Each structure stands twice: as C-alpha cells, then as structure tokens.
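In: here are the coordinates; sequence isn't available:
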C-alpha cells in the first residue's frame, strides 16, 4: 500500500473567527489523483491552501509528504506546487526569470527550465517578455511551466483549466497524466467536472468546510 501523501485529522483553519475548514479528515495516497467537489464556499480552495502551507492549521493534525503542517509549513512549501487563481508570478520578471527564480527558491535543478518553456510553448520572444505584459492564457502557461519544471511531489490545482485555450487544456490533461505516471500526487478542484473526473482516481466531496460521504446538495 502506498504511503499517504496527505493525511488530515479533524483539521481546522480559520479566517479570523470564521472556520474555513471545520474539522477535515481525509487521506490521499502517493501517486493518486483526487478531485475535490462541492458548492462555492465549501472550503475547496482553503483545503488546497492548507495543504501547501499557505493557510495555518489552527487545530487538529496534518502531514503533507511527511512534513507536519503545524510545525514545518516552510518545508511543506518547498515540496508542493500550487496552481491557483493567482499566478504567484513576479510581473516585473520575464518568463525565463520567473522560472529560474522558482527553481532556485525550491532547490530544484536549474536545467529543468528550458524543457518546461518548450513544452508550454513559451519559446522565442515570449521567454524574454515580462509576465505583466502577457495575456491571461500566457500567464497561465507560465505558471504551468513553473509547476512542471519544479515537478513537486504534490500538485495542487485550483480550477486548472481556467484561462487556457483548447490546446492548453489538452496539454494540461497530458501533464496531469504524466505527473501521475511519475508517482506524483495530484489534488484538484474544478468546475469542469467531467473533464477533471476523467483524470482522477476518486472524488472527494466537501460541504461547509467538511468532507462528506454523500454528495447531498453538492453542485
């Protein structure tokens, strides 16, 4: 049996006094692809932010790739990658500079950058263009190139197909399948249920900041 890449037990995360996650318990094994579904406000994005160390674990237990979320959030961030609503790119830096910076910050080999740039179609003048001057789709491709180059143990994808054209969406599907084949774990949220489910091993349902067994009232 594969070890758990993510293990949460009664995990609680707050925004002020408001519970974003209200006692979440679940596991996802290494090499597994899981889709998180639920209505708006269910806690899906908060779950991903908790798993990448951007949201504090206020109570309960949580480990990600062997790192304790309550004690080592920085260590977690070095080993996971988040593709979210915000690109987390530096707009004043070029595409190539963003990749070099991300690889250096995560301790990943710098020689991974050229292949990622090529795979995401960011060669030529695009590579030397500041991210702030790119279209929304090109920024999305740049963020994907960073994720691909880093190739973390856990991929966290929040509406990953958003902002991509048909070619980009198909490429994303290929990247997820290839990541799984390399033994990477993928946890994603998507409103494109059929497309995302086809990439996934199972579906996790959320309502009101909790994991539920039955998709009652879930969109």
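Out: Perfect, thanks for sending it. Keep in mind that what you see is a predicted model, and the values were worked out from it rather than measured.
In: the most centrally placed residue in the chain pairs with what?
Out: Averaging the C-alpha coordinates of the chain gives a centre point, and the residue nearest to it by C-alpha atoms, centre = their mean is residue 156 (1.7 Å). Here residue 156 sits in beta bridges with residue 82, residue 187, going by DSSP bridges.
In: pull out the buried residues from the worst-scoring helix or strand of the chain on mean pLDDT.
Out: In the chain, the helix or strand scored least confidently by mean pLDDT, DSSP states H and E is helix 73-79, which has a mean of 89. Taking 16 or more other C-beta atoms under 10 Å as the neighbour-count basis, helix 73-79 is seen to contain the buried residues 73, 75-79. C-beta: built from backbone N, CA, C; applies to glycine.
In: save those as JSON lines, and put in distance to residue 56 too.
Out: What follows is those, written out as JSON lines (distance: C-beta to C-beta, whole Å):
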{"residue": "73", "distance to residue 56": "7"}
{"residue": "75", "distance to residue 56": "15"}
{"residue": "76", "distance to residue 56": "12"}
{"residue": "77", "distance to residue 56": "13"}
{"residue": "78", "distance to residue 56": "17"}
{"residue": "79", "distance to residue 56": "18"}
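In: the strands in the chain, which residues?
Out: Counting by DSSP state E, residue ranges of the strands within the chain are 4-15, 18-29, 33-37, 59-64, 67-68, 80-83, 154-158, 185-189, 202-207, 210-212.
In: TSV for those strands, including distance to residue 165?
Out: As requested, the strands of the chain are exported to TSV (distance: least, C-beta to C-beta, whole Å):
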stretch	distance to residue 165
strand 4-15	31
strand 18-29	30
strand 33-37	22
strand 59-64	32
strand 67-68	36
strand 80-83	16
strand 154-158	17
strand 185-189	19
strand 202-207	26
strand 210-212	34
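In: between the two ends of stretch 45-62, how far is it?
Out: Taking C-alpha to C-alpha, to the nearest Å, stretch 45-62 runs 16 Å from one end to the other.
In: any residues touching the least confident helix or strand of the chain, and which ones?
Out: For helix 73-79, the external contacting residues (C-beta atoms under 8 Å, 6 or more residues apart in numbering) are 51-54, 56, 64-65, 67, 69, 106-107, 152-154.
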